[in-house]
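S.K.: how does the following fold in three dimensions:
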Amino acid sequence: MSPFTAALLADSILVLHVAIVAFAVLGQLLFMAGGWLGWAWVRIAWVRLAHLALIGFVVVQSWLGEICPLTIWEQSLRLQAGQSSYGGSFIEHWLSRLIFFNAPGWVFMAAYTAFGVLVLLSWWWWPPRWTRATPRNA
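M.R.: Down below sits the predicted model:
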C-alpha cells in the first residue's frame, strides 16, 4: 500500500472514530433531552440498541485494559504512511484532539463506566419502544 493511501485510510478511520464518539456522547444527550421533551424518535429500539451495544463494548474494553481497535488500526496505517502517530495531517491533528486525552487509565475506566451507567439509567427512564406506533385513527 502506498504511503498516500495509508494516510488517507488513517484519516478516514479517524473521521469514523470521531463520528462514533459523537454518536455515543451526543446521542446520549439527545436521548435524555428527547426523553424529557417527549420526542418519539428517542425511543426507537434499534437506535437505542446500537447505542447500548457501543457503550457496552467501550466499557468492557476499558475494564480489560484494551485499546480501541480503530485506534490500533489508525496508528498502524500512520506508521505505514511514514507518519508519527497523531502528528500528521490537518484532519488527523484536529479530530484527534477532539477525542484523545492524556490521563491515567483508571480515569478512562471510571468515566466510561459512569457513562455506561447513565446509558442504562436512560433505558429505565425512557425505555425504547419495541413495536411501531400505530396511528390513532387507524
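S.K.: all helices of the chain, in order?
M.R.: Ranges of helices within the chain are 3-37, 45-63, 69-80, 90-99, 105-125, based on DSSP state H.
S.K.: these: lowest mean pLDDT?
M.R.: Among the helices of the chain, helix 90-99 has the lowest mean pLDDT, at a mean of 60.
S.K.: ok, the residue nearest to the spatial centre of the chain to residue 102 distance?
M.R.: By Cα atoms, centre = their mean, the mean C-alpha position of the chain lies nearest to residue 21, the distance being 2.9 Å. Residue 21 sits 16 Å away from residue 102, going by Cβ to Cβ, to the nearest Å. To be clear about C-beta, it is placed using only N, CA and C from the backbone, and glycine gets the same treatment.
S.K.: over to residue 37?
M.R.: When residue 37 is compared with residue 102 (using Cβ to Cβ), they lie 36 Å apart.
S.K.: and these two? which has more neighbours close in?
M.R.: It is residue 37, of residue 37 and residue 102, that has more neighbours when counted by other Cβ atoms under 10 Å, with 8 against 5.
S.K.: and the gap between the more buried one and residue 31?
M.R.: From residue 37 to residue 31 the distance is 11 Å (Cβ to Cβ).
S.K.: with residue 113 instead?
M.R.: Relative to residue 31, and taking Cβ to Cβ, residue 113 is found at 18 Å.
S.K.: ok, these two, which is more surrounded?
M.R.: residue 31 (24 against 15).
S.K.: now do the contacts for the closest residue in space to that one that isn't next to it in sequence.
M.R.: Spatial nearest neighbour of residue 31, excluding adjacent residues (Cβ to Cβ, 6 or more residues apart in numbering): residue 42 at 4.8 Å. Taking Cβ atoms under 8 Å, 6 or more residues apart in numbering as the criterion, residue 42 is in contact with 30-31, 34-35, 48, 126.
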